[in-house]
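1. Coordinates for the following, if possible.
(chains A and B)
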Amino acid sequence: MLEISGLVKRYPSGPQALRGVDLTVKTGELVALIGTSGAGKSTLVRCINRLVEPTEGKIRLDGTELTALDHRELRHARRNMGMIFQEYALVDRLSVMENVLSGRLGYVGVWKSAMRRFPPEDVRRALELLERVGLREYVDTRADQLSGGQRQRVGIARALEQQPALLLVDEPTSSLDPKTARQIMRLIVELVKERGLSMLINIHDVNLATMFTERIVGLQDGKIVFEGTPEELNEEALTKIYGEEDWHAESRSAQAETADNGNGEKSDEHVPLNTAEPGR
Amino acid sequence: MSDHVNAEQLWSKPPVIENRWLRWGITLVVLVYAFFAIRSFEIDIPRIIIGLDRGYDMLLAFLRPDFVARQTHIVRGVLESVAMTATATLLGVILSIPLSFGAARNLSPLPVYLVCRSILMIVRSLHVVVLAILFVVMVGFGPFAGAVTLGFNSIGFLGKLLAEDIENTNEESMEAVRATGGSWLQVVIYAVWPQVVTRFIGLSIYRLDINFRQSTVIGLVGAGGIGAVLDTAMGRYDYNTAAAILIVIIAIVLAGEYVSSSIRRRLT
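-> Modelled structure (predicted):
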């Protein structure tokens, strides 16, 4: 459903962030992007919905060439791509409900959205999503009153309120503690699978990547240097992506965690304490 | 004891200007200039003594403020000033909003930004008294000139501060709204406006307060309001009335400041 070919991004100042990336995400596939800070993960994800303008290359989403779209068509195409951000990117002074409903802005006119007159089915879906992420009673709470984990749940609800086909996720857990990080990851993956969405997630925590996704893509200095299943992510692969280090713990836990992935998904809220930080 | 001596030798605070010649040179130039500047004023000692005498009369009169003799003028002056203040603030608020969005670099393309910034800069470079003189010439004496003056001045103040607030808004929230397929206007309404609105209300109330204070000054150059009444009283050497007017102004300004700051404190 998503085909990227020859993607290059050169920032006006500084080095080349992406040097020719080819990547395909199939419908219903969960792909994790891993790599060091500055490898270009965030740029790659942002090039897809053109929050960052790509310099060269083609990006096709369900047959639409995204890089060729004009301003209006781009807004239209963005409705199909939900995005979840590292620092949640909520509007602090708006309520939880307003933040979730802002996922519908691509569909609702300026005046109606300014007056907060969203169609009833949008509001109903927002309420269902808030129920699903466990924030039903916080509907009218201002977003800045919530904790980090709760804020990211609002971010998730906003992205899904869009009813996207593709979910772009940019470091969703790096501002969270390890336990909350796992709960958030589990929630995202469950929601994506329930709805049969595709997901491209950029994540620096190798353990989380191997635990929750089916395909790992390693980015190094703007180029893809590894592509494979979590099991294939061995010490050699990790060295290719991150450079020379002692990768014993990561590669071992990668194999162990993929093995019990199936069990992990069932428990939603209760993460057993002994698996809170495995492999460390 | 030797410790103490050593500590003094080991470290002393470095001077702000390191070069010793430059440091003393600047001091000398400032002192010499001050000396000649004062000399150039041709200070007339006998005149000051006469003035002191007049000042004493004025002081005595101020101790007996007369609210009654020109009561109707004072009341009318205050009402005029309040009307000027209110219209001017409203005008400033309405006109400064679009200008400030134009003058925020993160929202506007470069040409729009430059035009809006220039307008704000020009408006701000003119002092309120200078503006008042201009508008009195353009639209005639009276409170209308005052309202236009204060409105103009408010645009510069509110526009610049709001533009800076807009530039400091969280970029990620804007990205998030853009990523949903929202238009430019929706980014403004959903991501920018909520982040700046409370401070903008606070600034507007603060400006209301400033506008009343300034309305008293521009009255002196013919722009109506309580300042004009004060000017007339001073011109007639009617210090008792002038004293009453000053007391009224002080009372209103203090009350306004109190109300405005207590409202602003509640905004979060």
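2. pLDDT wise, what is whichever residue of chain A sits closest to chain B at?
-> Residue nearest to chain B within chain A (CB to the nearest CB): A:Gly106, separated by 2.4 Å. C-betas here are computed from N, CA, C, even on glycine. On pLDDT, A:Gly106 comes in at 93.
3. Check whether it sits in a helix, strand or coil.
-> coil (DSSP: H, G, I helix; E, B strand; the rest coil).
4. cool, and A:Val91?
-> Going by three-state DSSP: A:Val91 is coil.
5. burial count for the closest residue to it other than its chain neighbours?
-> Leaving aside its sequence neighbours, A:Val91 sits nearest to B:Ser173 (CB to CB, 6 or more residues apart in numbering or on different chains; 4.8 Å). By the criterion of other CB atoms under 10 Å in any protein chain shown, B:Ser173 has 27 neighbours.
6. Was I right to think B:Ser173 contacts A:Arg93?
-> No. The pair B:Ser173 / A:Arg93 is not scored as a contact, 9.7 Å apart, by CB atoms under 8 Å.
7. does any part of the helix or strand harbouring A:Ile184 sit near chain B?
-> Following DSSP states H and E, the helix or strand that holds A:Ile184 is helix A:178-194. No. Against chain B, helix A:178-194 shows no contacts by CB under 8 Å from any CB of the partner chain, the least distance being 15.9 Å.
8. and the helix or strand that that helix is followed by with helix A:178-194, angle?
-> Heading C-terminal from helix A:178-194, the first helix or strand you meet, by DSSP H and E, is strand A:198-202. Interaxial angle, strand A:198-202 versus helix A:178-194 (axes from the mean of the first three to the mean of the last three CA atoms, to 10 degrees): 160 degrees.
9. which residues does A:Gly218 contact?
-> A:34-35, A:224-227, A:233, A:237, A:240-241 (CB atoms under 8 Å, 6 or more residues apart in numbering or on different chains).
10. What sits closest to the residue nearest in space to the middle of chain A if chain neighbours are left out?
-> Nearest to the geometric centre of chain A sits A:Val169, at 1.2 Å (CA atoms, centre = their mean). Spatial nearest neighbour of A:Val169, excluding adjacent residues (CB to CB, 6+ apart): A:Ile201 at 4.0 Å.
11. same check, this time on A:Gly57
-> Closest to A:Gly57 by CB to CB, 6+ apart is A:Leu7, at 3.5 Å.
12. likewise A:Arg46?
-> A:Val52 (4.0 Å).
13. Would you mind giving the secondary structure of the one you found?
-> A:Val52 - assigned by three-state DSSP - is coil.
14. That one: neighbouring residues, count only.
-> 18.
15. likewise B:Leu10?
-> B:Leu10: 7 neighbours (other CB under 10 Å).
16. now B:Phe144
-> Neighbour tally, B:Phe144, other CB under 10 Å: 17.
17. repeat for B:Val29
-> B:Val29 has 10 nearby residues by other CB under 10 Å.
18. Next one: it from chain A, what distance?
-> For B:Val29, the distance to chain A (CB to the nearest CB, to the nearest Å) stands at 42 Å.
19. what about that residue, which SS state?
-> Criterion first, three-state DSSP; result for B:Val29: helix.
20. and it, what pLDDT?
-> 96.
21. Looking at B:Pro65 now. What's its pLDDT?
-> 89.
22. Tell me the pLDDT of residue 245.
-> I went with chain A, as the question did not name one. 80.
23. meant chain B actually
-> For B:Ile245, the predicted pLDDT is 92.
24. Setting aside sequence neighbours, what's the nearest residue to it?
-> B:Leu230 (4.6 Å).
25. What residues does the one you found make contact with?
-> For B:Leu230, the contact set (CB under 8 Å, 6+ apart) comprises B:77, B:216, B:219-220, B:242, B:245-246, B:249.
26. Also B:Cys116?
-> B:99-100, B:102-103, B:108, B:159, B:163.
27. Give the buried residues for the one helix or strand B:Asn211 maps to.
-> Counting by DSSP H and E, the element that carries B:Asn211 is helix B:193-218. Across helix B:193-218, burial judged by 16 or more other CB atoms under 10 Å in any protein chain shown covers B:193-196, B:200, B:202-212, B:214-218.
28. which parts of the stretch 1-150 of chain A sit against chain B?
-> Checking the stretch 1-150 of chain A against chain B by CB under 8 Å from any CB, the hits are A:49, A:51, A:75-79, A:81-83, A:85, A:87, A:89-94, A:98, A:102-107, A:110, A:113-114.
29. What subset of those residues is buried?
-> Judged by 16+ other CB under 10 Å, buried ones among the residues of the stretch 1-150 of chain A next to chain B: A:49, A:51, A:75, A:77-79, A:81-83, A:85, A:87, A:89-94, A:98, A:102-107, A:113.
30. show me the contacts for the spatially most central residue of chain B.
-> Nearest to the mean C-alpha position of chain B, by CA atoms, centre = their mean, lies B:Ile210 at 6.0 Å. By CB under 8 Å, 6+ apart, B:Ile210 lies in contact with B:Phe157.
31. mind redoing it with 10 Å?
-> B:85, B:89, B:128, B:150, B:153-154, B:157, B:253, B:256-257, B:260 (CB atoms under 10 Å, 6 or more residues apart in numbering or on different chains).
32. Show me which of those is closest to B:Arg54.
-> When the contacts of B:Ile210 are ranked by distance to B:Arg54 (CB to CB), B:Val253 comes first, at 26.6 Å.
33. Wait, that closest one touches B:Asn211, no?
-> No. The criterion here is CB atoms under 10 Å, and B:Val253 misses it with B:Asn211 at 11.1 Å.
34. who touches both of B:Ser173 and A:Arg93?
-> A:143, B:194-195.
35. and the residue of chain A closest to chain B, how far is that from B:Arg39?
-> Per CB to CB, to the nearest Å, A:Gly106 is found 73 Å from B:Arg39.
36. B:Lys160 too?
-> Going from B:Lys160 to B:Arg39 by CB to CB gives 40 Å.
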